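sharing a model that was predicted from the sequence below.
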Amino acid sequence: MSTGGLNHPMKMVKMIQARCRQCNPAGKGPRGWWEVCPHDAYYSMQPLGPPTPKYDRQEDGTYTETGEFEPPKFVRKPNWKQIADDHKVTSGRMVQIQRERGSKFPEEMGYPPLCDYYNCWETNPSIHANRLIAADETDVRIRVGDYHDIAEAQIMTLRLSGTPIYIGQTDGVRRAEQLAKVTI
């Protein structure tokens, strides 16, 4: 299970955000700037570790720093962002707002889908949670999210129904009993 913990049990849709300082300076670029940006807006270059100092070998076999550094190495990575998909955040419209600002789902960029739990970056979630909201002939269900761990799906189902979740260190047994009652 992720390290998201129970302090932030919120559905977080993972998206790749368009970012470019030249085409969208200070976030004030024209609408749709990401569609014509020639600067690879969905990726950025991330340093591959801290700078490595250069050393000179001394006559006695020891080394001293030269004050210079090896040329840095970088890796190209997507601009990942977690987007809150909850009615308490912009009335549940944050994913739509991000789409309007150019963000894309991982699948649109050739990446596998990611878990919807806060700070969980597991790929290809296998648990697709739904919650029954009308137990009559319509059997209406709403989508809770896609998770890779049953406990994450249970926590998010409880949260969506508005049920308080036991989170204290001494509440471990009560939380386990509470989660056991949730069917996914």
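Looks like it came in fine.

OK, contacts around the nearest residue to residue 48 once chain neighbours are set aside?
Closest residue to residue 48 apart from its sequence neighbours, by Cβ to Cβ, 6 or more residues apart in numbering: residue 73 at 4.3 Å. Backbone N, C-alpha and C define where each C-beta goes, glycine included. With Cβ atoms under 8 Å, 6 or more residues apart in numbering as the criterion, the residues that contact residue 73 are 47, 48, 49.

buried only: go through those residues for me.
By neighbour count, with 16 or more other Cβ atoms under 10 Å, the contacts of residue 73 hold no buried member.

ok, the residue nearest to residue 182 when sequence neighbours are not counted - how many residues close by?
In space, residue 182 comes closest to residue 154 once its chain neighbours are excluded; the distance is 4.1 Å by Cβ to Cβ, 6+ apart. Taking other Cβ atoms under 10 Å as the neighbour definition, residue 154 ends up with a count of 23.

check the secondary structure at residue 154 for me.
Reduced to three states with DSSP: H, G, I helix; E, B strand; the rest coil, the structure at residue 154 is helix.

ok, it to residue 86 distance?
Residue 154 sits 17 Å away from residue 86, taking Cβ to Cβ, to the nearest Å as the criterion.

ok, residue 34 next?
The separation that residue 34 has from residue 86, given Cβ to Cβ, amounts to 25 Å.

tell me where the protein has strands.
If you assign secondary structure with DSSP state E, the strands in the chain sit at 12-16, 43-47, 53-57, 63-69, 74-78, 80-84, 127-134, 140-147.

quick one: residues in contact with the first one.
Outside of strand 12-16, the residues that reach it under the criterion Cβ under 8 Å, 6+ apart are 42, 78-85, 95, 98, 103-106, 108-109, 111, 114-119, 121.

just list whatever residues bridge to the residue most central in space within the chain.
In the chain, the residue lying closest to the centroid (Cα atoms, centre = their mean) is residue 82, at 3.6 Å. In this entry, residue 82 is beta-bridged to residue 14, by DSSP bridges.

I figured it hits residue 117, correct?
No - in this structure, residue 82 is not within contact of residue 117 by Cβ atoms under 8 Å, at 9.9 Å.
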